[in-house]
Each structure stands twice: as structure tokens, then as C-alpha cells.
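# Quick one: sequence and predicted model below, then my questions.
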Amino acid sequence: MIKRNLYYKLSPEFRFYARKMYYFPVDIFEKIIGNRDKLTPPKGDIFIGSGDFKKQGENQLHLLKKYIHLQPGDSVLDIGSGIGRTAVPLTKFLNHHGKYEGFDVVKKGVEWCNKNIHKRFPNFNFKYIPLNNSLYNSYQTKSGNFKFPYNDDSFYKAFLFSVFTHMKIEDIQNYLNEIHRVLKDDGWCCATFFTYDKSDNLENFPGFKFPFLREGYRLLDENLEEANIAIENEKLLEMIHASGLEKVDEIKGFWSDFSRKHPDRDFQDIIILQKKSK
């Protein structure tokens with residue numbers, strides 16, 4: 001936790017630089033011996049998540065197939081596409097009838113994806129959106145009024161892994177509203193959150209403690225709201241209903257109970273949403 005707190009005190013630019021330097025020897029060694037395939041970015045360029053890049057992506061694809069019934073011909077929206085962790089395994093799953101669209105606030109991730117994924121798979125498209133997120137950048141444009149760059153009713157499936165956990169509460173509401181707008185009727189969304197009940201004592205959780213209490217949510221870091229946010233279940237349900245979406249299922253993650261760790265679960269809590277036809 002001390003290491004994480006120190007990391008959050010760094011500027012967004014220096015966080016990227018520090019990671020690049022930390023993994024520089026490994027990345028150079030792998031490049032020399034040819035131990036990295038063309039659809040795996042250098043470790044120093046991976047700015048989201050931890051652990052094995054390829055295995056995590058494959059597990060995320062497994063979760064999408066299991067919980068939102070992802071099909072090879074689906075039109076898919078990846079909100080917070082990062083540096084292609086989920087897009088890479090999707091290149092082997094989506095067929096020529098399928099369509100993938102992803103966007104992210106980190107320019108270098110989008111550039112890597114366009115250079116290495118879109119170039120080989122033209123039905124995979126990535127957009128760079130310069131929105132403010134104090135964890136990743138110092139831009140001024142806020143996410144609260146951002147309109148996704150896609151038409152209404154464009155996608156059968158949408159997903160967000162570890163995106164809502166790094167956003168401000170008002171921005172999360174806007175994204176939920178936009179997901180409802182761009183989903184087709186009866187479309188599905190898989191999103192991960194940190195969630196808790198009022199009665200939960202987060203001090204007893206083995207993972208993040210979220211010590212800073214706000215109205216309906218808690219923060220991991222008082223000064224960097226986007227570092228990690230946990231939302232009270234009742235509050236989240238209100239937000240989902242306000243967007244027009246419906247909560248269909250919840251699969252508790254193992255962040256709050258390591259005994260839950262299983263390939264059918266994520267570290268964070270999975271919330272399955274649907275845009276019901278009228």
C-alpha cells in the first residue's frame with residue numbers, strides 16, 4: 001500500500017516514465033532474443049493492470065463469452081481499450097462479420113493498437129479521446145459531458161474492464177447513459193466495479209480498504225479520486241436505473257475475498273447490464 005501511495009503522488013507523465021525505466025532491461029532482453037510476439041506490447045508500455053498481459057486478455061474474453069454471450073459476428077465496443085489487452089484475443093474470435101471499436105484517453109495505447117492491431121485486422125478500430133483523468137493525464141476536457149463518438153443503437157455488446165474503478169462518480173453516470181444510447185435494443189454490457197454494502201466493514205477486506213468515505217462511495221486516495229473508487233451497491237443501482245439500463249447479474253470479484261478466485265471471476269466485481277427493448 002505504501003508503494004501504491006507513493007506511485008499516486010507522481011505526475012501522470014512521470015508514472016509512465018517510471019514504469020518504462022523499470023521494465024527497460026526486460027524489454028531490451030526480450031527484443032534481443034525475440035521472446036515477444038507482435039501482438040504483445042513491451043512491458044514498459046503497458047499502463048493498465050498487472051500480471052500476464054496475454055493470459056489476462058484471454059480470461060477477459062472468456063468472461064465476455066460466458067456472461068454477455070459474445071458471438072463471433074457481434075459489433076463490440078471496448079470502452080477504455082488501453083493498449084489492447086482484450087482486443088488482442090478478440091482478433092482470433094471475431095470473424096469478418098464482426099466489428100470492434102475501442103477508445104481510450106491514453107494516446108500511446110491507441111497508437112500502439114492502431115499500428116499493431118488495426119494494421120493487421122481492419123475491422124478493429126481505435127480512437128484516441130483526450131479526456132481528463134488525473135491517473136493518466138493532465139488534460140482539461142472533462143468526461144462528465146462527453147458523448148461517445150458513435151451513433152445511437154450501434155453495438156450488440158459493450159464492455160469495460162477496470163474503467164469505472166478509475167473515474168469520478170459523475171463521469172460514471174455519464175458513461176452509463178452513453179452506453180445505453182449506443183447499445184442496440186436487448187444489447188449487453190459487461191462492466192467491472194468495486195462495490196460494497198453499507199453494512200460491510202472494508203477494514204476486514206484483504207485487498208483495498210477505501211478509507212475515504214463520500215456520499216454513496218469510497219476512495220482509495222483522498223487526493224487522486226480516479227486512483228480507485230468503490231461504489232455502494234444501492235447508489236450504483238440508482239445510477240444504473242437513471243441511465244435506462246437494467247442490472248441483470250452480479251459476479252463478486254475476489255478483491256474482497258481471495259477465496260473467490262476462479263477463472264469465472266475477475267479481481268473486480270462484474271456487473272452485467274442490458275438495454276431492454278421497449
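Perfect, thanks for sending it.
# Next one: Val76 from Leu63, what distance?
Note on Val76: its distance to Leu63, by C-beta to C-beta, to the nearest Å, is 13 Å. All C-beta spots, glycine's among them, are computed from the backbone N, C-alpha and C.
# same check, this time on His180
Relative to Leu63, His180 is positioned 21 Å away (C-beta to C-beta).
# Strands of the stretch 1-150 of the chain, start to end?
Taking DSSP state E, counting those that start in this stretch, the strands of the stretch 1-150 of the chain run over residues 75-79, 99-104, 124-128.
# Relative to the whole chain's centre, how far out is the first one?
Distance of strand 75-79 from the chain centroid (C-alpha atoms, centre = their mean, to the nearest Å) equals 12 Å.
# Identify the residues contacting it?
Under the contact criterion C-beta atoms under 8 Å, 6 or more residues apart in numbering, strand 75-79 has outside partners 70, 86-87, 90, 94, 98-103, 148, 150, 154-160, 163, 175, 179, 182.
# Parallel or antiparallel, list what pairs with that strand.
The sheet places strand 75-79 alongside strand 99-104 (parallel), strand 155-160 (parallel), with pairing taken from DSSP bridges.
# what does the last one give?
Based on DSSP bridges, the pairing partners of strand 124-128 within the sheet are strand 99-104 (parallel).
# Can I get the partner strand as PDB, trimmed to CA atoms?
Once side chains and other backbone atoms are set aside, the C-alpha atoms of strand 99-104 remain, and they are given as PDB (Å, rounded to 0.1, in the frame of the first residue of the first chain):
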ATOM      1  CA  LYS A  99     -16.800  -5.300 -35.800                       C
ATOM      2  CA  TYR A 100     -14.600  -4.000 -32.900                       C
ATOM      3  CA  GLU A 101     -14.500  -0.300 -31.900                       C
ATOM      4  CA  GLY A 102     -12.400   0.900 -29.000                       C
ATOM      5  CA  PHE A 103     -11.400   4.200 -27.500                       C
ATOM      6  CA  ASP A 104      -9.100   5.400 -24.700                       C
END
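# What sits closest to Lys261 if chain neighbours are left out?
Using C-beta to C-beta, 6 or more residues apart in numbering and skipping the chain neighbours, the partner closest in space to Lys261 is Phe254 (4.3 Å).
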